[in-house]
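Colleague: fold the following, please.
(one chain, ligands or ions: 1)
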Amino acid sequence: MATKSPYHIITIPPLQCSLSNPDATATTIAEKFRTLRLHSLQVNPEAFAAKYEEEVQKPLSQSLERILNPKAIHFVALQTPSDIDPATIEKDAVTRLVHDHWLGMIVLLGPQEDKGENPRDFTSNPFPAFTAGGQLVEPDALLYRINGTFTAPEARGLGLGLKLMQAALGAAVQGGQQFGAAVRVGLAVFAHNVAATKLYEKAGFKIVEDRESRSQPWTRALVMDNVLVPRKLVMENVLVKKT
Ligand SMILES: CC(C)(COP(=O)(O)OP(=O)(O)OC[C@H]1O[C@@H](n2cnc3c(N)ncnc32)[C@H](O)[C@@H]1OP(=O)(O)O)[C@@H](O)C(=O)NCCC(=O)NCCS
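Modeller: You can find the predicted model right below:
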């Protein structure tokens, strides 16, 4: 008989409350998100542009704002008790997020319209640029950004990083399907971060730029892209539909 996996990837669903009037559930999820994010900056300061000393000063409302942002999908790797039926986990996402142990996360920011700039001006904090603006109007091509990839040291090497990434890429493809648009996902990683770079390559990302890092000038930053739905394919589909 197959053993049940204690690990599950779930998305923080849209929470029915506002930033100015959060309920207890949203507050708990924001606290757990903040705790894991701060943990990532403490455990692997060399991997991130953000600094623990600065981020720990920021209020919980900043974390809440992030998880409530409709252009930021948060994927969380959970350690779920063995007596929980896997079929119920997605349906009970909020309960599981509140009660279970968070082992990792990844954030998909966007989409913005992909204007094809390459190289792109990636800032060290992509959140504002990639979550700006409302719904796009008939875009031909979408650009998403991956942010905050992290799995806790005790859970590394189990495939959770790759599963988190695959969940995020799946959501980006779905986003493109809504518009019949091409889809490209980008990210930036420090060149010294071999584990993350290999994970990204395994997930289909390719290095498109290698430049001096702005946040940590002693190292280099790699900009990586993953073209999930090429523009050419979208154009061919349009032509097929017209003929
Ligand atoms: C990078 C990180 C997310 C990988 O997470 P993980 O859950 O251990 O990754 P997985 O088990 O899913 O591994 C998937 C693939 O990534 C690569 N990989 C992961 N860890 C690696 C390591 N230490 N060395 C080399 N390659 C590694 C491998 O290709 C691996 O596939 P394989 O097991 O078939 O060889 C994790 O090490 C981490 O959180 N690091 C600190 C934070 C960080 O660097 N974030 C990225 C910021 S850009």
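Colleague: what's in contact with stretch 24-39?
Modeller: Stretch 24-39 is contacted by residues 12, 15, 17, 22, 52, 55-56, 60, 63-64, 66-68, 74, 76, 94, 97-98, 102, 104-105, 148, 150, 152 when judged by C-beta atoms under 8 Å, 6 or more residues apart in numbering. Using the backbone N, CA and C atoms, a C-beta is placed for each residue, glycine as well.
Colleague: now with 7 Å, please.
Modeller: Contact with stretch 24-39 is made by 12, 15, 17, 52, 55-56, 60, 63-64, 67, 74, 94, 97-98, 102, 105, 148, as judged by C-beta atoms under 7 Å, 6 or more residues apart in numbering.
Colleague: list the residues that contact the most centrally placed residue in the chain.
Modeller: Residue closest to the mean C-alpha point of the chain, counted by C-alpha atoms, centre = their mean, is Val107 at 1.9 Å. Applying C-beta under 7 Å, 6+ apart to Val107 gives the contacts Ala72, His74, Asn147, Gly148.
Colleague: just the buried ones from the contacts of stretch 24-39?
Modeller: 12, 15, 52, 55, 63-64, 67, 74, 94, 97, 102, 105, 148 (16 or more other C-beta atoms under 10 Å).
Colleague: for Gln16, give its distance to the ligand.
Modeller: Per C-beta to the nearest ligand atom, to the nearest Å, Gln16 is found 31 Å from the ligand.
Colleague: so that residue belongs to a strand, correct?
Modeller: No: read with DSSP: H, G, I helix; E, B strand; the rest coil, Gln16 is coil and lies in no strand.
Colleague: look up the pLDDT of it for me, please.
Modeller: Per-residue pLDDT puts Gln16 at 88.
Colleague: quick one, helices of the protein?
Modeller: 24-43, 52-55, 60-68, 86-89, 93-99, 127-131, 160-179, 194-202, 231-242 (DSSP state H).
Colleague: tell me which of the ones you listed lies nearest to Pro6.
Modeller: Among the helices of the chain, helix 86-89 comes nearest to Pro6, with 10.0 Å by C-beta to C-beta.
Colleague: now do the closest one: distance to the chain's middle.
Modeller: 22 Å (C-alpha atoms, centre = their mean, to the nearest Å).
Colleague: and for stretch 93-108?
Modeller: 13 Å.
Colleague: what parts of this structure come near the ligand?
Modeller: Taking C-beta under 6 Å from any ligand atom as the contact definition, the chain meets the ligand at 44, 47, 149-151, 156-162, 189, 193-196, 198-199, 202.
Colleague: please pick the buried ones from the residues you listed.
Modeller: Ala47, Thr149, Phe150, Thr151, Leu158, Leu160, Gly161, Val189, Asn193, Ala196, Leu199.
Colleague: show me the two of the residues you listed that sit farthest apart.
Modeller: Leu158 and Val189 (20.5 Å).
Colleague: thinking again about what came up before, of the buried ones among the contacts of stretch 24-39, which is the nearest to Gly176?
Modeller: For those, the nearest to Gly176 is His74 (19.6 Å; C-beta to C-beta).
Colleague: I figured the closest one was touching Leu64, is that so?
Modeller: No: counting by C-beta atoms under 7 Å, His74 stays clear of Leu64, with 11.8 Å between them.
Colleague: what sits in contact with each of those two?
Modeller: By C-beta under 7 Å, 6+ apart, no residue touches both His74 and Leu64.
Colleague: give me the contacts around stretch 203-215.
Modeller: Contacts for stretch 203-215 (C-beta under 7 Å, 6+ apart): 49, 118-119, 124, 162, 165-166, 169, 187, 190-191, 219-226.
Colleague: check what pLDDT Asp85 gets.
Modeller: Listed pLDDT for Asp85 reads 88.
Colleague: and it, how close does it get to Phe205?
Modeller: 35 Å (C-beta to C-beta, to the nearest Å).
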